[in-house]
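Colleague: Generate a structure from the sequence data that follows.
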Amino acid sequence: MSGRILRESIDELLVRVDIVDLIDSHVPLKKTGANFVARCPFHTEKSPSFSVNRNKQFFHCFGCGASGNAISFLMDFNHLDFVEAVEDLAAFAGIAVQREIVGHQVAQKKDDLNSLYEVMEQVATFYVGQLRDNIGAVEYLKARGVKAAIARDFMIGYSPDKWSTLAERFSQKQLIDVGLLVVKDGGQVYDRFRGRIMFPIRDKRARIVGFGGRVIDGSLPKYLNSPETSLFHKGKEVYGLYELLEKNSKPQRILIVEGYMDVIALAQYGVCYAVAALGTAASQAHLDLLFRFSSELVFCFDGDRAGREAAWRVMESAFSSLKDGRSCRFMMLPQSYDPDSLVREEGLNKFIERIESAHGLSDYFFENVSGGLKLSEMEGRAQLVSKSLPYLERLPEGVFREMMFDRLKSLSGMTTFNVADSVVVDLSSKKTRQHESNRLSSARVAIALLLQNPGLVDYVEQKNIDWIGLEFRGIELFKNILQVILDKRSVNTAVLIEYYRNTAEERSVKALALLDVYVSDDKIEEVFSDALDGLLKQAREASIERLQAKAQDKGLDVQEQATLIKMLAIK
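Modeller: Below you'll find the model as predicted:
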């Protein structure tokens, strides 16, 4: 398998590529002062609120909050995952992406993967031909109301009910690599899919990465999916996404159903925005993938106990993906119905009404979490808080998170909760931005300036600071950023932001990288020096007071005595 992309290769890309040139090639920019601006490509607006800063190598929209470095832009603009965005950025820069070797295996060449995609396409075409020649399979699809045009759009096929159909026609090694042949203990091979309607699973680039197969009789298992391979990871793919995007690249909403036939049936009725998870509950990876294409996801579940349990599992995944501007809704079907049978019985208009009236995540969550609790009693309200907090704390910072906590306060009667505060203020507030310069703490100023001007590390090194015993709010983040700069040396703000991607500090780092501390270029080192000196002074004084109090109470050990003497000497 291909090794991971080396971080050094990513750093080199972010240093070499000018984000202004990259974004200008996708969205025409206009220079205004120190920044470049445009109408935001991620939401509809009449006046420009999308800003790109060449010094920071960072973009930010003051309208919708989208922000990040060159990799983030490509991920959002072209709906790519991280690896795809890095590869596209490397192509833009004209340099090769360097990958690490996994164990003792040489990273698999891209040509090898391309040959696997080719054999998957050939097998899918073969299955389509077999469908035309099998009367039983054709009659089954007709009985399910599947029209020829839909079968063509989804490339539906049929795998003959024989043990070695594929093994006799294609490269056995490649078929094994993509999971279409099974190898027995004795070394013999046989076709994984036999006597099944075949549904090719295509990624958003139209490449066939796997198959799903459904029996046409009563045998088990009813459904069978491709195993995990170098091409196929069921936790990251959904059925029908490619076909959906072919109809509409920016759907208003995406409906997530449980089965292949549900996607097919809904497409025939004009609901061309349905996809299905592949034999597993929708994961956060699935949600993050789908949120690249639409801000609203509607989950459709059977109304039985299994359906309710599946809905709750999805809701747990959704909490970590619900950034501002995104929404999840839950549509529970009547007992004994699936989307296929319900749309046939009720018709399209009634089915769409159900989609549009689906429960919002907030209503669904509080309705379920409070079920069986007596909220008129203190004990019941305490249980509500205890059950709710672990979920609400997963929500990303933003308006929706605040509103969910407000809803919990209203239901429980509590006014405060024990939730950890962030080191950085919420910069989504216009009021905050307007008055920030009047109340910035020294820690925020120092960390923000260091992020935005990594060259300040030279000034910090010259001071030869002894960090032992020093404490101030944000010190760990400051020291961590400092160490990253020292380790990398060739670094800019974009590289630092990338280093903290998908970490607990990511939000704080991005906000501080964006923070305007209202300092002219010729005053940056002076302001940074004042902020850092002020922090060190406060930290030493606080440490001295803490050590002196301990000396009076329980006494100091040798190390603490030495620290106190040193700090008193500096003071």
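Colleague: domain parsing for the chain?
Modeller: Using automatic domain parsing, the domain parsing of the chain gives 7-93, 110-225, 238-365, 370-412, 435-570.
Colleague: What mean pLDDT does the shortest one get?
Modeller: When pLDDT is averaged along domain 370-412, the result is 89.
Colleague: now it, how far from the chain's geometric center?
Modeller: Mean C-alpha position of domain 370-412 versus that of the full chain (CA atoms, centre = their mean, to the nearest Å) differs by 25 Å.
Colleague: And that domain, end to end?
Modeller: One end of domain 370-412 sits 10 Å from the other (CA to CA, to the nearest Å).
Colleague: Next: stretch 283-300.
Modeller: Span of stretch 283-300 from end to end, CA to CA: 15 Å.
Colleague: Also stretch 483-496?
Modeller: End-to-end distance of stretch 483-496 (CA to CA): 11 Å.
Colleague: Please work out which residues outside it touch it.
Modeller: Stretch 483-496 is contacted by residues 11-12, 14-15, 19, 55-58, 69-70, 450-452, 454, 457, 461, 481, 499, 509, 513 when judged by CB atoms under 8 Å, 6 or more residues apart in numbering. Yep, even glycine has a C-beta here, placed from its N, CA and C like the rest.
Colleague: lowest-pLDDT helix or strand in the protein?
Modeller: Least confident helix or strand of the chain, by mean pLDDT, DSSP states H and E, is helix 430-439 with a mean of 41.
Colleague: What does residue 201 show for phi and psi?
Modeller: Backbone torsions for residue 201, taken as degrees, to the nearest 10, come to phi -100, psi 110.
Colleague: Pull out the CA atoms of stretch 334-350 and give them to me as PDB.
Modeller: Taking C-alpha atoms only, stretch 334-350 is exported to PDB below (Å, rounded to 0.1, in the frame of the first residue of the first chain):
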ATOM      1  CA  PRO A 334     -43.700   4.100   9.600                       C
ATOM      2  CA  GLN A 335     -43.400   0.500  10.800                       C
ATOM      3  CA  SER A 336     -42.800  -2.100   8.200                       C
ATOM      4  CA  TYR A 337     -41.900   0.400   5.500                       C
ATOM      5  CA  ASP A 338     -38.600   1.200   3.800                       C
ATOM      6  CA  PRO A 339     -38.000   4.200   1.400                       C
ATOM      7  CA  ASP A 340     -38.600   1.900  -1.600                       C
ATOM      8  CA  SER A 341     -42.000   0.700  -0.500                       C
ATOM      9  CA  LEU A 342     -43.100   4.000   1.100                       C
ATOM     10  CA  VAL A 343     -42.500   6.200  -2.000                       C
ATOM     11  CA  ARG A 344     -44.300   3.700  -4.200                       C
ATOM     12  CA  GLU A 345     -47.400   3.700  -1.900                       C
ATOM     13  CA  GLU A 346     -47.500   7.400  -0.900                       C
ATOM     14  CA  GLY A 347     -46.100   8.900  -4.000                       C
ATOM     15  CA  LEU A 348     -43.300  11.500  -4.500                       C
ATOM     16  CA  ASN A 349     -45.000  14.600  -3.100                       C
ATOM     17  CA  LYS A 350     -45.900  12.900   0.200                       C
END
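Colleague: That one - what's its average pLDDT?
Modeller: Mean per-residue pLDDT for stretch 334-350: 91.
Colleague: Name the nearest residue to the residue most central in space within the chain, ignoring sequence neighbours.
Modeller: Closest to where the C-alpha atoms of the chain average out (CA atoms, centre = their mean) is residue 288, at 4.1 Å. Here the nearest residue to residue 288 in space, its sequence neighbours aside, is residue 321; by CB to CB, 6 or more residues apart in numbering that works out to 5.7 Å.
Colleague: and the one you found, how many neighbours?
Modeller: As a burial measure, residue 321 scores 21 neighbours (other CB atoms under 10 Å).
Colleague: got it, and residue 323?
Modeller: For residue 323, the count of nearby residues is 17 (other CB under 10 Å).
Colleague: Please name the nearest non-neighbouring residue to it.
Modeller: Closest residue in space to residue 323, ignoring its immediate chain neighbours: residue 396 at 4.9 Å, by CB to CB, 6+ apart.
Colleague: For that neighbour, which residues are in contact?
Modeller: 320, 322-324, 507.
Colleague: distance of residue 274 from residue 262?
Modeller: To residue 262, residue 274 is 7 Å away according to CB to CB, to the nearest Å.
Colleague: okay, and the common contacts of the two?
Modeller: Counting by CB under 8 Å, 6+ apart, the residues touching both residue 274 and residue 262 are 300, 339.
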